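*Asks:* fold the following.
(one chain, ligands or ions: 1)
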Amino acid sequence: MICKSAEKFALFGGESVIPEGMIKTWPPVDKSDEKLVLDALYAEKQARGDHNIKFEQEFAEYNGNKHAIFTNSGTAALHMALVGCGVGAGDHVLVSAYSWSSSATCILHHNAIPIFVDIDYDTINIDVDKIEAAITPRTKAIVVVHLHGLAVNMDKVMQIAEKHDLKVIEDACQAHGATFNGKKTGTMGHATAFSFNQNKCLSCGEGGMLVTDDDEICKAALSLWSFGETRKPEESRDYHVYALGWMYRNNEITAAFGRAQLAKYPKYFDTLRANGNYLQENLKGIDALVQPTEPEGHVHNWYNYNLRINWDAVQWTGDKGRFRDAVCKVLQSEGLPCVAWQQFILPEMTVFQAKNAYGQGCPWSLPGADEGVTYNPQDYPVAQRHCESYIALVVALRAPNGLDVAEKTAEAVRKVFENINDIDPDEVEAVK
Ligand SMILES: Cc1ncc(COP(=O)(O)O)c(C=O)c1O
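*Replies:* Below is the predicted model:
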């Protein structure tokens with residue numbers, strides 16, 4: 001027998017707020033994608049060719065960068081950015097304690113050591129006021145993640161970096177088009193990685209872009225991209241390996257898809273803004289809900305709209321993550337696609353707890369590299385608190401979903417969060 005008032009939830013037989021099929025999948029594909037992709041498919045070159053080169057030029061122009069290198073993932077672009085910035089074995093690199101795993105594992109890729117910094121609860125980004133305390137003589141760089149599409153306060157970060165002679169890598173994998181004080185992500189640090197995987201606001205299935213305005217960083221980053229060669233395939237290759245390289249290039253069909261999507265990105269961005277703004281306005285005043293923030297001077301791209309539980313308004317006193325998962329399931333049954341995305345803070349992940357990436361404790365076993373390095377999850381209480389409290393909305397805010405979907409989304413969120421105390425995790429878990 002379920003609690004009487006919970007019967008209104010669709011999970012227990014009530015009517016769901018959002019009709020099946022109303023929310024469209026991402027990304028929208030039309031004739032413009034088809035035309036470019038088919039052009040690439042029938043072209044002589046399906047590895048690197050004109051579409052790759054043009055995508056780089058068009059993205060550099062869109063974002064306002066001197067250099068852009070198309071890669072097969074955002075993670076590859078992050079790795080290249082670190083090496084471009086001179087990070088090497090045993091160096092320490094600061095990074096947010098809460099992000100996608102590869103914001104930190106890209107540091108391990110080059111045998112450097114991630115040093116985590118707690119987040120700020122309001123912005124969910126690295127707490128810029130905690131950066132300076134984490135800097136030591138071994139610190140070489142900071143990976144700044146513009147998480148969920150909200151840029152970090154880069155004025156503060158760049159001031160600290162300048163003072164301590166550090167390089168700043170922007171992880172803008174989620175932040176296409178987001179701005180801080182009128183500047184786009186990817187134009188404020190020394191080098192930046194974007195991702196185009198299918199979840200991203202700008203997608204071509206899989207892919208990434210390294211951008212920088214610095215010729216030397218670009219040159220050093222390129223050394224990783226194509227087997228350690230220094231020339232691009234379109235230049236005459238000498239097939240000589242000058243440095244330790246990977247195979248981080250991408251192909252023509254993917255580049256063509258990326259170009260077609262980039263041409264539509266300004267329109268997608270407007271849709272994201274309109275839907276995000278609608279939710280900001282229409283979800284105000286719900287006791288159990290902490291809405292995301294968009295501080296003054298920031299333009300969010302609403303890549304990921306976070307709903308966080310205000311525990312002060314919730315009667316449940318058991319495991320918070322369990323209650324959050326139950327709320328998520330109730331929301332899903334109302335027809336709203338949502339997930340609890342990262343459920344662990346980064347330092348808690350096994351690779352860091354074990355301090356072993358390449359075997360034999362490497363890179364922490366490098367001389368002096370492990371000095372003062374601890375990964376105690378209790379040292380990142382704000383990231384922990386966020387992790388057990390949030391539910392992420394992604395696809396409902398994306399084109400072609402417009403304000404009609406935003407309206408239904410707000411209705412579903414209101415229904416669930418205004419009745420949150422009717423949710424009993426035991427009852428929710430019993431529903432298969
Ligand atoms: C913040 C962040 N950094 C890095 C990445 C890695 O991008 P990719 O999946 O293209 O390697 C992602 C996405 O997965 C991300 O969300």
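
*Asks:* helix, strand or coil for Cys140?
*Replies:* Wrong residue type there; residue 140 is Lys, not Cys. strand (DSSP: H, G, I helix; E, B strand; the rest coil).

*Asks:* ok, and the closest non-adjacent residue to it?
*Replies:* In this structure, Lys140 finds its nearest non-sequential neighbour in Asp91, 3.9 Å apart by CB to CB, 6 or more residues apart in numbering. C-betas here are computed from N, CA, C, even on glycine.

*Asks:* again, but for Lys54
*Replies:* Arg259 (6.2 Å).

*Asks:* chain center to stretch 390-401, what's the gap?
*Replies:* Remark: stretch 390-401 is offset 14 Å from the chain centroid, using CA atoms, centre = their mean, to the nearest Å.

*Asks:* quick check: end-to-end length of that stretch?
*Replies:* End-to-end span of stretch 390-401 (CA to CA, to the nearest Å): 23 Å.

*Asks:* and Tyr98, how far is that from the ligand?
*Replies:* According to CB to the nearest ligand atom, to the nearest Å, Tyr98 and the ligand sit 10 Å apart.

*Asks:* how many other residues sit next to that residue?
*Replies:* 26 (other CB atoms under 10 Å).

*Asks:* was I right about it contacting Thr123?
*Replies:* No - taking contacts as CB atoms under 8 Å, Tyr98 lies outside contact range of Thr123: 11.1 Å.

*Asks:* C-terminal to the strand or helix carrying the residue nearest to Lys54, what's the next element?
*Replies:* In this structure, Arg259 sits in helix 252-282 according to DSSP states H and E. Using DSSP H and E, the helix or strand that follows helix 252-282 in sequence is strand 289-290.

*Asks:* what about that next one, distance to the chain center?
*Replies:* With CA atoms, centre = their mean, you get 21 Å for strand 289-290.

*Asks:* from Cys85, how far out is whichever residue of the chain sits closest to the ligand?
*Replies:* For the chain, the residue closest to the ligand is Gly74, as judged by CB to the nearest ligand atom, at 2.7 Å. Separation of Gly74 from Cys85 (CB to CB, to the nearest Å): 16 Å.

*Asks:* what do you get for Pro27?
*Replies:* Separation of Pro27 from Cys85 (CB to CB) stands at 31 Å.

*Asks:* with Gly189 instead?
*Replies:* Separation of Gly189 from Cys85 (CB to CB): 9 Å.

*Asks:* common neighbours of the two, please.
*Replies:* 167, 169 (CB atoms under 8 Å, 6 or more residues apart in numbering).

*Asks:* so what's the residue nearest the centre of the chain up against?
*Replies:* Centroid-nearest residue in the chain: Gln174, 3.8 Å away (criterion: CA atoms, centre = their mean). When contacts are counted by CB under 8 Å, 6+ apart, Gln174 is found next to 100, 145-149, 195, 200-201, 301, 303-304.

*Asks:* at 6 Å what do you get?
*Replies:* When the contact criterion is CB atoms under 6 Å, 6 or more residues apart in numbering, the partners of Gln174 are 149, 303.

*Asks:* also the one 3 residues further on?
*Replies:* By CB under 6 Å, 6+ apart, the contact set of Gly177 is 269, 301.

*Asks:* that one and Ala191: what is the separation?
*Replies:* To Ala191, Gly177 is 18 Å away according to CB to CB.

*Asks:* repeat for Leu283
*Replies:* Leu283 is 36 Å from Ala191, by CB to CB.

*Asks:* between these two, point out the one with more neighbours.
*Replies:* Legend: neighbour count by other CB under 10 Å for Leu283 and Ala191, higher for Ala191 (29 against 18).

*Asks:* you'd agree that one is up against Asp213?
*Replies:* No - shown here, Ala191 and Asp213 do not form a contact pair, counting by CB atoms under 6 Å, at 9.0 Å.

*Asks:* mutual contacts of these two, please.
*Replies:* With CB under 6 Å, 6+ apart, Ala191 and Asp213 have no common neighbours.

*Asks:* spell out which residues of this structure are next to the ligand.
*Replies:* 73-75, 99-100, 102-103, 145, 171, 173-174, 195, 197, 208 (CB under 6 Å from any ligand atom).

*Asks:* and with 8 Å instead?
*Replies:* Within reach of the ligand by CB under 8 Å from any ligand atom, the chain has these residues: 73-78, 99-100, 102-103, 106, 145-147, 171, 173-174, 193, 195-197, 199-200, 206-208.

*Asks:* quick revisit: the residue nearest to Lys54 and Thr212, how far apart?
*Replies:* Distance from Arg259 to Thr212, by CB to CB: 21 Å.

*Asks:* higher neighbour count, the two?
*Replies:* Set Arg259 next to Thr212 and count neighbours by other CB under 10 Å: Thr212 wins out with 29 against 24.

*Asks:* my guess is that one meets Ala193, correct?
*Replies:* No - Thr212 is beyond contact range of Ala193, at 10.1 Å (criterion: CB under 6 Å).

*Asks:* what residues are shared contacts of those two?
*Replies:* Here Thr212 and Ala193 share no contacting residue, scored by CB under 6 Å, 6+ apart.

*Asks:* give me the domain ranges for the chain.
*Replies:* 4-26+264-342+385-430, 31-261 (automatic domain parsing).

*Asks:* tell me the gap between the last one and the middle of its chain.
*Replies:* What separates the centre of domain 31-261 from the centre of its chain is 12 Å, taken as CA atoms, centre = their mean.

*Asks:* over to the first one?
*Replies:* For domain 4-26+264-342+385-430, the gap between its own C-alpha mean and the chain's C-alpha mean amounts to 19 Å (CA atoms, centre = their mean).

*Asks:* just the buried residues of the residues of the chain next to the ligand.
*Replies:* In the residues of the chain next to the ligand, burial by neighbour count holds for 73-78, 99-100, 102-103, 106, 145-147, 171, 173-174, 193, 195-196, 199-200, 206-208, counting by 16 or more other CB atoms under 10 Å.

*Asks:* from the residues you listed, which land in helices?
*Replies:* If you go by DSSP state H, those have 74-78, 102-103, 106 in helices.

*Asks:* format those as TSV; extra columns: pLDDT.
*Replies:* Converted to TSV, these look like this (pLDDT from 0 to 100):
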residue	pLDDT
Gly74	98
Thr75	98
Ala76	98
Ala77	98
Leu78	98
Ser102	98
Ser103	98
Cys106	98
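
*Asks:* and of these, the nearest to Tyr242?
*Replies:* Comparing these against Tyr242 with CB to CB places Ala76 closest, at 18.3 Å.
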